[in-house]
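S.K.: Predicted structure and sequence below. I'll ask about it afterward.
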Amino acid sequence: MAGVVKKKTISSQVADILRQKILSGEYEANTAIRQEHIAAELGVSRIPVREALHQLYSEGFVELISHKGAVVSSVSLEEILELYELRARIETWLIALAIPRMTEADFAKAEAAAREFGSWGAEDDYSYEHNWNFHAALYAASGRKTTIEMVGKIHLQIERYERMMVSLTGLQAKSDREHWQLMEFCRRQDTDAAVALLEKHILDGGQILIERLKAIRDG
């Protein structure tokens, strides 16, 4: 990124830039991140870079290794599967809490996010941000802000691996159909059906990703 970032939010902006480089695959797993290089590139001192790296460490994007510095973290297939299983456990709990409390305003926000997600259409435009916005909108009525923030971090952590799924035929369309079906169950206050669909939606996505990553690993 050219130019100097604003002093007011310098460390968070540096963290955003580095996070995006990791999510996009520009910084692959086990890549060393040199503070002096980042500072020179962005026109900032090493202090906000160091603060940014500590933020990314707390989010699970980098490891801080003694005498080596920051290294982009790697996640095993077993750990990725565990993250999806954790999502399924937590998000089904959140939606079960949210359904009895949902208002028209909640549905309007979720529908807007669903339309944004579906409007991308092509597989190579798979929108992770709109996908999370949709899920977050559904869970908002639960009132569990801390838990929703935690789940949001899990979504971010696995996003760089999910990007490898974009070439799979029908993924966007399948997710879009399930989003609208999920909202219909929520409107009917059919909690059992919503929970069952959401669990399948999440675990199916995890299984597709694991299979894709195995294929890449095995050549």
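M.R.: On my side now, so go ahead. Residues are numbered from 1 along each chain as shown.

S.K.: Residue 77 and residue 211 touch, don't they?
M.R.: No: using Cβ atoms under 8 Å, residue 77 is not in contact with residue 211, being 9.8 Å away. To be clear about C-beta, it is placed using only N, CA and C from the backbone, and glycine gets the same treatment.

S.K.: which stretch of helix or strand covers residue 64?
M.R.: Using DSSP states H and E, residue 64 falls within strand 62-65.

S.K.: shaky segments in this protein?
M.R.: 1-8, 120-127, 163-170, 216-217, 219 (pLDDT under 70).

S.K.: Can you pull the residues that touch both of residue 77 and residue 211?
M.R.: Taking Cβ atoms under 8 Å, 6 or more residues apart in numbering as the criterion, residue 77 and residue 211 do not both touch any residue.

S.K.: hmm, back to that, what are the buried residues along the strand holding residue 64?
M.R.: Buried residues in strand 62-65, defined by neighbour count with 16 or more other Cβ atoms under 10 Å: residue 62.

S.K.: Stretch 189-198 now?
M.R.: So for stretch 189-198, counting by 16+ other Cβ under 10 Å, buried means 191, 194, 195, 197, 198.

S.K.: Adding distance to residue 15 and secondary structure, write those out as TSV.
M.R.: Converted to TSV, the buried residues of stretch 189-198 look like this (distance: Cβ to Cβ, whole Å; DSSP: H, G, I helix; E, B strand; the rest coil):
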residue	distance to residue 15	secondary structure
191	37	helix
194	35	helix
195	35	helix
197	35	helix
198	30	helix
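
S.K.: Return the closest of those residues with respect to residue 60.
M.R.: Relative to residue 60, the closest of these is residue 198; by Cβ to Cβ it sits at 23.4 Å.

S.K.: returning to that earlier point: what strands line up against the strand holding residue 64, and which way round?
M.R.: Applying DSSP bridges, strand 62-65 is found paired with strand 69-72 (antiparallel).

S.K.: Using the three-state scheme, assign the spatially most distant residue from the centre of the chain.
M.R.: Going by Cα atoms, centre = their mean, the residue of the chain most distant from its centre is residue 67, 30.5 Å out. Judged by DSSP: H, G, I helix; E, B strand; the rest coil, the three-state class of residue 67 is coil.
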